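> Could you work out the structure for the sequence below:
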Amino acid sequence: MQRVMIIGQPGSGKSTLAREMGKQTGLPVIHIDTIHWQPGWIERNADEKTRLCYEVEARDQWIFEGGHSATWDNRIARADLLVWIDRSSVLRFWRVFLRTLTQRGRPRPDLPENCPEQLGNLPEFFRFMWTTRKSARTKMKQLVATAPPTCRVICLRSNRQAKLFLSSVGKTPRVEPPRKAPFPQGTREPRRG
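As a prediction, this is how the structure comes out:
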């Protein structure tokens, strides 16, 4: 395992999983929010975001969590592991609310400096989460379905699955044989609303 792509909607646990995997493997962790935002909540333009993503994706090793789907095809072609964290909307909204409340006035570790959490930004972010909940999930589902055979796919739908997955991650980077398993064996994809 040298290049890990982690996707999921806001509040799904991407940043937390990426940090934990980074600790366990020693692989460098890249958070999309450090590419999306500049200090002071200044959003980069799309071309700059794309350029920065391509620079990261060209490296030999990374754990890259988050969006900018314009570069997903390139990222998945280089990744040897894709982790999709697929959690319910209710849980995700609750987590975003809690992290905003508990981190209010301070930047999270996955954000640039001078980007403190602010309660005033929450309504707009919730609108974004609500309006993209179905389309974003569809896009992620399509990415999983089209992952190349050289990329192992893992789908995590619960805290228990995430803990089990983390316990299986080695302490040092290693190459694993590719294997596709987007859904736990014997289960079917649940309906989401």
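
> now what about the longest helix along the chain, what contacts it?
Scanning the chain for the helix with the most residues, using DSSP state H, yields helix 122-145. Applying CB atoms under 8 Å, 6 or more residues apart in numbering, the contact partners of helix 122-145 are 7-11, 69, 72, 76, 82, 84, 86, 89, 92-93, 96-97, 100, 153, 155, 182, 192. No exception for glycine: its C-beta is placed from N, CA and C like everyone else's.

> shouldn't Pro39 be in contact with Glu113?
Yes: using CB atoms under 8 Å, Pro39 makes contact with Glu113 at a distance of 5.2 Å.

> What segments of the chain are helices?
Shown for the chain, the helices assigned by DSSP H span residues 14-25, 32-36, 46-57, 72-78, 89-103, 122-145, 159-168.

> could the ones you listed be laid out in TSV, adding distance to Glu65 and mean pLDDT?
Listed next are the helices of the chain as TSV, based on distance: least, CB to CB, whole Å; pLDDT from 0 to 100:
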stretch	distance to Glu65	mean pLDDT
helix 14-25	4	96
helix 32-36	6	95
helix 46-57	11	96
helix 72-78	11	95
helix 89-103	15	94
helix 122-145	13	95
helix 159-168	13	94
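
> Could you export the ones you listed as JSON lines, including mean neighbour count?
Converted to JSON lines, these look like this (neighbours: other CB atoms under 10 Å):
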{"stretch": "helix 14-25", "mean neighbour count": "19"}
{"stretch": "helix 32-36", "mean neighbour count": "20"}
{"stretch": "helix 46-57", "mean neighbour count": "15"}
{"stretch": "helix 72-78", "mean neighbour count": "17"}
{"stretch": "helix 89-103", "mean neighbour count": "15"}
{"stretch": "helix 122-145", "mean neighbour count": "14"}
{"stretch": "helix 159-168", "mean neighbour count": "13"}
